[in-house]
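>>> Everything below, folded, please.
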Amino acid sequence: MLRALEPEKKGFADRDGVRIYWERFGEGERTVTLLPTWNIIHSRCWKMQVPYLARHARVVTFDPRGNGKSDRPASGYSLDDHYRDALAVLGAAGVERTAVFGLSDGCFPATMLAALRPDLVERLVLVGFGPGSENPPEFWQARDQYEGWEKNNAVYWLEHYESFLWWFFAQVFNEPHSTKPIEDSVRWGLETTPEILVAQEREYDRSAIIPLLPEICCPTLIVNGSEDEIIPLAGAMAGRDAIAGARLVVIEGGGHCPLARDPVKFNLLVRDFLDGGEPSERRITRSLHRSRPRALYISSPIGLGHAQRDLAIARELRRLRPDLEIVWLAQDPVTRVLETAGETVHPASKLMANESAHIESEMGEHDLHAFQTLREMDEILLANFMLFHDVVRDDRYDLWLGDESWELDYYLHENPELRSAPYVFITDFVGWLPMDDSPGSREAIVAADYNAENIHHVERYPYVRDAALFIGSKDDIVPRHFGPELPFMPDWIERHFDFTGYVLPFDPADFADTERLRRELGYDPKRPLVVASVGGSGVGIHLLRRIAAAFAELRKDVPETHLLLVCGPRIDPRAIEPVKGMEVVGYVHDLFRTLACCDLAVVQGGLTTTMELVAHRRPFIYIPLHNHFEQNHHVVHRLRGYGGPEPTPYEEATPARLAELMGQRLGASVDYEPIESGGAARAARLIAPLLEERKGRSKGVSRRLVAPVG
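Next comes the predicted model:
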């Protein structure tokens, strides 16, 4: 699993023979140390904070003894041990002064550091904090049954550890739609043992920090959820009262871990706290200083087709508003397409966490569980949203456009008060559909939960999206429900989206003369031309190798055939064994021109390429990625509506079978339904009015931030 940011330095601090693993990220004059919490999880609990804070400071994290990459001694889990582990890590990392963050049990060594080492701690942030108390005697005693909080019991831990984890983290993340942080925490909890947790409970004296609280003299921020089931709000208020000058911020509706469940609110809150309320330097442009309207276009890197349709929409927008300046926030490989087209790419694009690399880290042999991959990308998506936030905060735009920018859409709905310009959401599919739809399937339950959350977002905050564009028509929507007791997809999408029709980056009529086009591209019009392409990621390398082997078989029957094997920007052409008559290339700009004149295409199954082949009326074979819900549900349904070929499963696409199919479809006639033209122009006509003078709109928040309390 790829992280949003890898450490610049890492190592072990050795304290009395116990190794404590630490990592350091970023650079800057300030250091922020994120202490581990209870040994039940490790430093990855801060994954939603590290990339953002590391752009503004040095960030140090470490795993607690007993979990992660740190040692697991049988004893030595007292509060004093955790305090001294922190000192050892700070010494090993070369930290002389730092802001210290504590979460839940991590608040106790954090307060010790602030009270006993004021020379070391400059600021203190405590999350889910309350002065501690000892476990009651029944905590150690066996019960006949364990219901609710009775599961918080040493015997139950030892006998039913994984069951306890699922129950406990459901209490930690008691906000609706918290499946992902719960799953993360259970996974991290399984990296330690109940014996270690029991050892800590025997040794850890939480009440020891109570007399130290009045000694804390650094600025202190306490953050608690109003619905915290672990540390009630009264505990946080008691902590606030015990620390001179401490400020308490309550997240209304929030639970015990707002840094994971409300990461945008938390990140912005602590950034302001660290900066003393205002950043040290900021540049703001007066609206009258700009002579031209400006739009920020966020184009998804998942598939190069987004870039081509976004360029088509941008061209139509400029026809309507010639004075419009468009700046792109994107990442490789989309930036290659944009720069080749002469577009302006925002310099902050280089700071984006790499989504394509994450996808490749999750792939198997022609296998990509797209839904789970997106879920595992949560820290990357959050890091990129925080970057977007900083970009639009410091340099205002008159319009935001997001093409399948799921992170932008999600976090704007979670934090609607941050929308400061008209916002347009663009997509060619809506609805997370499980590959495993069997009764009781965890995937089906989670997919329905994600759909329910998105539906609630849109219906609760309809003003967040000034326009929502579906690239296609109502008939292109899969005719099924979002999940049990959830709306029927075509009907709900029709109420909340405008249909643009499909967006092609070209006019098919311009490529009708295939013989002329072949000569322009350097191909012999008299030789059959096969084109194979697998898109912009590296997941298609196994399919390319099969196609190459199948082509070797095809040439035995049609020896004059030429194969153009397009590896894309992330597959090295040298990774494909050469075959006579085959040309292997990397990225091809405007590949649709080559597809327009081929006699056959063999492709991975993405929507853009297959729809371009339908528009060009070319025969093709498409092989969807295994477990890719969009390619196997949304794309298959849409292509059937246009009379396209049925998908070929990868397990059936052996070189022999592919060679047979290639021979059958090479130059075959097709009977596709025509694709309606003008989608880009319709999209532009829907977007352009938003560039006019905006009227005031009401604002709201999903979880109200209230501060101070008391």
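>>> May I see the buried residues of the longest helix seen in the chain?
When the chain is parsed with DSSP state H, its longest helix is helix 442-460. Applying a neighbour-count criterion of 16 or more other CB atoms under 10 Å, one finds 443-444, 446-455, 457-458 buried in helix 442-460. Just so you know, the C-beta spots here come from the backbone N, C-alpha and C atoms, and that holds for glycine as well.
>>> Which stretches in the stretch 351-500 of the chain count as strands?
Taking DSSP state E, counting those that start in this stretch as the test, the strands found in the stretch 351-500 of the chain are 399-403, 423-427, 467-470, 498-499.
>>> Dump those strands into a markdown table; add distance to residue 121 as well.
A markdown table is the format used below for the strands of the stretch 351-500 of the chain (distance: least, CB to CB, whole Å):
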| stretch | distance to residue 121 |
| --- | --- |
| strand 399-403 | 39 |
| strand 423-427 | 40 |
| strand 467-470 | 47 |
| strand 498-499 | 54 |
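>>> among the ones you listed, which is nearest residue 541?
Comparing the strands of the stretch 351-500 of the chain against residue 541 with CB to CB, the closest turns out to be strand 399-403 (26.1 Å).
>>> one step back: please identify the most buried of the strands of the stretch 351-500 of the chain.
A comparison of the strands of the stretch 351-500 of the chain by mean neighbour count, using mean count of other CB atoms under 10 Å, puts strand 399-403 on top with a mean of 25.
>>> Can I get stretch 597-611 in CSV? Just the C-alpha atoms.
Backbone C-alpha positions of stretch 597-611 (Å, rounded to 0.1, in the frame of the first residue of the first chain) are rendered in CSV as follows:
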residue,chain,number,x,y,z
CYS,A,597,-7.7,4.3,-38.9
CYS,A,598,-7.0,0.9,-37.4
ASP,A,599,-8.6,-2.4,-38.6
LEU,A,600,-8.8,-3.7,-35.1
ALA,A,601,-8.2,-2.6,-31.6
VAL,A,602,-7.5,-4.7,-28.5
VAL,A,603,-7.9,-2.6,-25.3
GLN,A,604,-8.2,-2.9,-21.6
GLY,A,605,-11.8,-1.9,-21.2
GLY,A,606,-11.8,1.8,-20.1
LEU,A,607,-14.7,3.9,-21.1
THR,A,608,-12.8,6.6,-23.1
THR,A,609,-11.0,4.3,-25.5
THR,A,610,-13.9,2.0,-26.1
MET,A,611,-16.3,4.9,-26.8
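>>> residues near residue 608, how many?
26 (other CB atoms under 10 Å).
>>> and it, what pLDDT?
Note on residue 608: pLDDT of 92.
>>> Relative to residue 346, how far out is the residue lying closest to it once chain neighbours are set aside?
Closest residue to residue 608 in three dimensions, ignoring its sequence neighbours and counting by CB to CB, 6 or more residues apart in numbering: residue 305, at 2.3 Å. The span separating residue 305 from residue 346 equals 21 Å under the rule CB to CB, to the nearest Å.
>>> if you count what's nearby, which of these two comes out ahead?
Between residue 305 and residue 346, counted using other CB under 10 Å, residue 305 has the larger neighbour count: 26 against 20.
>>> my read: that one touches residue 610, true?
No: contact status for residue 305 versus residue 610: not in contact, 9.7 Å apart, counting by CB atoms under 8 Å.
>>> ok, back up a step: is it possible to export the strands of the stretch 351-500 of the chain to TSV including mean pLDDT and distance to residue 563?
Shown next, in TSV, are the strands of the stretch 351-500 of the chain (pLDDT from 0 to 100; distance: least, CB to CB, whole Å):
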stretch	mean pLDDT	distance to residue 563
strand 399-403	97	32
strand 423-427	97	34
strand 467-470	98	36
strand 498-499	98	37
